[in-house]
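Enquirer: Provided below for reference: sequence and predicted model.
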Amino acid sequence: MRVHKVITCKGCGKRRKPYVGSRNRATKFCRECKGNDFWQSSFGKWFLSAALRQSPDSMPFDEDDIAEIHSLWHQRKKFKGVKYTANKTFTSFWEDGEEEPLLDENGRYESVHSYDLAHLDPVCGEGFQGRLTAKNLMIVPTKINQSLGNKVNHDFGFRVVTDKRFNSEAEVRQWCTNAYALPELVVKLSLVPKRLDKAVSDWDASQWAVAPSMVFASELGRLGGCDKYFSVNGHAQAFRTFLQHGLSEAVAYVQRKGFTELNEPLSEDDF
Ligand SMILES: [Zn+2]
């Protein structure tokens with residue numbers, strides 16, 4: 001194995017051993033600064049705020065678990081979609097009084113749908129803490145999530161009895177630095193500091209907006225149900241049934257109410 005020379009880290013300016021990335025190539029950053037990129041990324045910022053409600057006892061099992069949570073987080077972002085809403089009240093005129101076709105700088109990007117990453121076993125349960133782990137999270141329409149609050153009685157198997165709680169962001173970061181290989185996660189998940197994230201164009205992002213009836217079908221498959229569904233009927237009640245009574249009751253509900261199968265050939269009515 002090649003031994004790498006000590007470098008002046010581009011992040012902290014200290015003389016340190018470089019973080020060695022893929023193919024045994026030294027980077028220009030020390031291990032600590034490379035791991036810092038995790039917290040600087042959009043996902044890292046979300047993860048930090050989610051972890052603040054947990055404790056050392058109820059954190060993700062390992063790096064693979066965090067990678068799964070990341071893919072779920074990313075999926076939720078895509079499912080929400082983006083639309084551009086123009087601000088019609090803004091007009092200006094050419095000198096000759098003609099209306100000027102203004103580039104609408106006051107319009108804004110908005111989500112098409114609003115989805116939460118909801119805990120199945122709630123994080124602040126009565127006498128327990130729901131673990132932050134991929135299988136205890138579900139992409140749920142915000143309205144439905146808010147209407148249920150903590151009114152959950154089904155046990156999803158992710159309850160941790162503890163009275164611990166993280167007290168500060170610094171504590172979460174320190175604990176995670178010891179518990180997980182953060183620099184490796186930064187590389188594996190291609191995390192970049194938030195300011196370097198590319199702004200999404202309204203065109204390609206809007207392609208990804210996914211309706212709740214399809215989100216439910218996809219989440220049902222991921223969480224252990226049958227994954228042959230493309231969309232389900234009565235999705236609001238389907239989500240509620242899942243959150244309140246668990247997987248098997250939700251599957252029974254879907255079979256009663258009906259669904260569209262994945263890859264069902266299009267009928268003539270679709271054209
Ligand atoms: Zn450094």
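Expert: Yep, it's here. Numbering: from 1, shown residues only.

Enquirer: Return the mean pLDDT over stretch 58-69, rounded to an integer.
Expert: Averaging pLDDT along stretch 58-69 yields 98.

Enquirer: ok, residues contacting it?
Expert: 47, 51, 123, 129-134, 137, 160, 162, 175-176, 179-181, 184-185, 188-189 (C-beta atoms under 8 Å, 6 or more residues apart in numbering). Using the backbone N, CA and C atoms, a C-beta is placed for each residue, glycine as well.

Enquirer: And the residues you listed, which of them are buried?
Expert: 47, 51, 123, 129-134, 137, 160, 175-176, 180, 184-185, 189 (16 or more other C-beta atoms under 10 Å).

Enquirer: Please list the members of the contacts of stretch 58-69 that lie in strands.
Expert: 129-130, 137, 160 (DSSP state E).

Enquirer: filter those by proximity to the ion?
Expert: Among the ones in strands among the contacts of stretch 58-69, no residue lies close to the ion (C-beta under 5 Å from the ion).

Enquirer: where in this protein is pLDDT low?
Expert: Applying pLDDT under 70 to the chain picks out residues 1-2, 86-106, 150-152, 195-207, 264-271.

Enquirer: what two of the ones in strands among the contacts of stretch 58-69 have the greatest distance between them?
Expert: Leu137 and Val160 (14.8 Å; C-beta to C-beta).

Enquirer: for the closest residue to the ion within the stretch 151-271 of the chain, what are its contacts?
Expert: Closest residue of the stretch 151-271 of the chain to the ion, C-beta to the ion: Pro183 (11.0 Å). Residues near Pro183 by C-beta under 8 Å, 6+ apart: 19, 31, 34-35, 37-38.

Enquirer: excluding its backbone neighbours, what's nearest it?
Expert: Distances taken as C-beta to C-beta, 6 or more residues apart in numbering place Lys34 nearest to Pro183, at 4.0 Å, with adjacent residues excluded.

Enquirer: Now do Phe166: how many residues are near it, please.
Expert: 21 (other C-beta atoms under 10 Å).

Enquirer: Any figure for the gap between it and Ala118?
Expert: Distance, Phe166 to Ala118, by C-beta to C-beta, to the nearest Å: 20 Å.

Enquirer: What segments of the stretch 101-250 of the chain are helices?
Expert: 142-148, 169-179, 182-188, 202-206, 212-222, 235-245, 247-257 (DSSP state H, counting those that start in this stretch).
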